[in-house]
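**Q** build me a model:
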Amino acid sequence: MKSNIKSNLIIIGILFALLPIITTNLTYVTDNNSKTLGYSDDFTLDKGNLKISDVSGKIHIDGNSGWAAFKADGNCTGSGTYSAPYVIEDLIINGGGSGNCILIENSDVYFEIENCTLYNSGGIPNAGIKLNNVTRGKLVINNCTANCFGILLDSCDNNTISGNTANINTNAGIVVGDDSIYNNISGNIANNNGGGILNIGGISLDGSTYNTITGNTANNNYDAEGIWLSYSDNNTITGNTVNNNYGGISLDGSTYNAISGNTANNNGGGIRISGGSHNNISGNTANNNNDGMYLVGSTYNTILGNTASHNFNGMNLGGNSSHNNIIGNNASFNGATGIKLYQSNYNTVSGNILIGNDECIVENNCYGNTFSDNGDCTYGQENPASLISGYSLIALLGVLSVVSIIVSKKLKKS
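**A** So this is what the prediction gives:
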C-alpha cells in the first residue's frame with residue numbers, strides 16, 4: 001500500500017513539474033488557431049473563400065516558355081490551350097509598394113487569373129495585374145484594390161476583363177492602352193479611383209480601338225472621369241453606370257464610337273465629346289449634371305433619343321461644333337437651357353422634347369442651324385421652330401392678308 005501511495009505522489013509531482021510547459025503549448029495552439037493574416041491598417045480584405053497558394057510572392061511570367069516553367073514549378077494548372085488554359089487562382093499578393101503584383105508579358109497562350117486579391121503595387125506604371133503584349137487572357141472576379149492602377153493592359157488584344165473590382169487605386173481602376181484592340185471589359189466595378197499624378201479615374205481607353213466596355217460601374221472617382229476615351233476609335237460603350245464623377249463619359253479626339261444605354265447622373269458633365277467626330281450617342285440617361293450632353297469642337301456626331309433632364313444645360317454645343325444631328329431627345333426641366341448652341345454652325349436640331357426649361361433653345365454667334373418639330377417650352381424663350389408655326393403662322397397670314405388688300409386696292413385705282 002505504501003509503495004502505491006509513493007508511486008502516486010511521484011506521478012503527481014511529475015505532472016506539477018510539467019504543468020508550465022503543457023500550459024504554454026496549449027496557449028500556442030489556441031493563439032495560432034485564432035490568428036489571421038496581418039494586412040495594412042488602412043486596407044481591409046474580405047478573404048471569403050480565398051486561400052494562400054504555394055506562390056506567396058509577386059508573379060512575373062514572360063513569354064509562353066515562362067508559362068511552361070511556371071506550370072513545371074507547380075504554381076498553376078492547365079496547359080495553355082483553349083479547352084485547358086493555364087489557371088492562376090485564389091492568391092492574395094501584397095505588392096509591397098514596388099513593381100506589379102502580377103505581370104504577364106509577351107504571351108499568346110490561353111490563361112485565366114481568377115479570384116485573386118492584389119494590392120499595394122508600386123507607382124506608375126505598376127498595377128495589381130498588368131498585361132503587356134498579351135492575347136487570349138481572362139481576368140475574372142479579381143480584387144485589384146489600393147494599387148497605382150488596378151488593372152493595366154498595354155498593347156493587348158482579344159482579352160476578357162470581367163467581374164473584377166478595381167477600387168481606391170491612385171490613378172485609375174482599369175486602363176486599356178497603347179493600341180489595344182478587341183478587348184472585352186464587362187461587369188467590373190471601378191469606384192473611388194484617382195487623386196494621383198495621372199488621375200484618370202474609373203475605366204480608360206487610350207489609343208485603343210474595337211474594344212467593348214459594357215455593364216460596368218464607375219462611380220465616385222476623385223476629380224476624374226467615370227469612363228474616358230482618349231484618341232480611341234470604333235469602340236462600343238454600352239449599359240454602364242457612371243455617377244458622381246467629375247465627368248461621366250468623356251471622349252477626347254475619338255471617332256466612330258457607339259455610346260448607348262448608359263446612365264450618367266450627378267457628374268460635373270454627363271457625356272462629353274471634345275474634338276471628336278462621327279460618334280453615335282443614343283439612348284443614354286444624363287440627369288442632374290452640370291451639362292447633360294456637351295460637345296466642343298466636334299463635328300458630324302449624332303445625339304439621338306437620349307434623356308437629359310434636371311441638369312443646368314440639357315444639351316450644350318459650343319466652340320465650333322458643326323454638322324451635328326440633335327434628334328429625338330428629351331431635354332426637359334433643366335435649370336437653364338434645354339439645348340444651347342454657341343459658335344456652332346450647320347447643326348440639325350429636330351424632334352426634341354423641350355418642356356419646363358428656363359430657356360428652350362438658345363443660339364449665340366451661330367449660323368446655318370436647322371430647327372424643326374421641337375416640342376414647345378412651358379416657359380422661357382420661344383422655340384425657334386415655332387416662329388413659323390402656331391400663333392406666329394396665324395400672325396404671318398394676317399400680315400399677308402393686309403398686304404394683299406392694300407395691293408388689290410392700288411391695282412383698282414390704277
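**Q** from here on, contacts and neighbour counts on C-alpha atoms
**A** Noted.
**Q** what lines up beside the one helix or strand Gly150 maps to in the sheet?
**A** According to DSSP states H and E, Gly150 maps onto strand 149-154. The strands beside strand 149-154 in its sheet (DSSP bridges) come out as strand 127-134 (parallel), strand 172-177 (parallel).
**Q** C-alpha coordinates for the shortest one, PDB please?
**A** In this case it means strand 172-177. The C-alpha atoms that make up strand 172-177 are tabulated as PDB, following Å, rounded to 0.1, in the frame of the first residue of the first chain:
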ATOM      1  CA  ALA A 172      -7.100  54.500 -62.400                       C
ATOM      2  CA  GLY A 173      -9.200  51.400 -61.900                       C
ATOM      3  CA  ILE A 174      -8.900  49.800 -65.400                       C
ATOM      4  CA  VAL A 175      -6.700  51.100 -68.300                       C
ATOM      5  CA  VAL A 176      -6.600  49.700 -71.800                       C
ATOM      6  CA  GLY A 177      -3.900  51.500 -73.700                       C
END
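**Q** check which element follows that strand along the chain.
**A** Scanning forward in sequence from strand 172-177 by DSSP H and E, the next helix or strand is strand 184-186.
**Q** tell me which stretches of the stretch 1-150 of the chain form helices.
**A** With helices called from DSSP state H, counting those that start in this stretch, the stretch 1-150 of the chain shows them at 2-34, 63-72.
**Q** comparing the ones you listed by mean pLDDT, which bottoms out?
**A** Mean pLDDT is lowest for helix 2-34 among the helices of the stretch 1-150 of the chain, at a mean of 37.
**Q** tell me where the stretch 251-400 of the chain has strands.
**A** 258-260, 269-274, 280-282, 291-296, 302-304, 313-318, 325-327, 337-342, 348-350, 359-364, 370-372 (DSSP state E, counting those that start in this stretch).
**Q** could these go into a markdown table alongside mean neighbour count?
**A** Formatted as a markdown table, those follow (neighbours: other C-alpha atoms under 10 Å):
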| stretch | mean neighbour count |
| --- | --- |
| strand 258-260 | 21 |
| strand 269-274 | 27 |
| strand 280-282 | 21 |
| strand 291-296 | 27 |
| strand 302-304 | 21 |
| strand 313-318 | 27 |
| strand 325-327 | 21 |
| strand 337-342 | 25 |
| strand 348-350 | 20 |
| strand 359-364 | 20 |
| strand 370-372 | 16 |
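**Q** and these as JSON lines, adding mean pLDDT?
**A** Output for the strands of the stretch 251-400 of the chain, formatted as JSON lines (pLDDT from 0 to 100):
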{"stretch": "strand 258-260", "mean pLDDT": "98"}
{"stretch": "strand 269-274", "mean pLDDT": "98"}
{"stretch": "strand 280-282", "mean pLDDT": "98"}
{"stretch": "strand 291-296", "mean pLDDT": "98"}
{"stretch": "strand 302-304", "mean pLDDT": "98"}
{"stretch": "strand 313-318", "mean pLDDT": "96"}
{"stretch": "strand 325-327", "mean pLDDT": "98"}
{"stretch": "strand 337-342", "mean pLDDT": "95"}
{"stretch": "strand 348-350", "mean pLDDT": "96"}
{"stretch": "strand 359-364", "mean pLDDT": "92"}
{"stretch": "strand 370-372", "mean pLDDT": "93"}
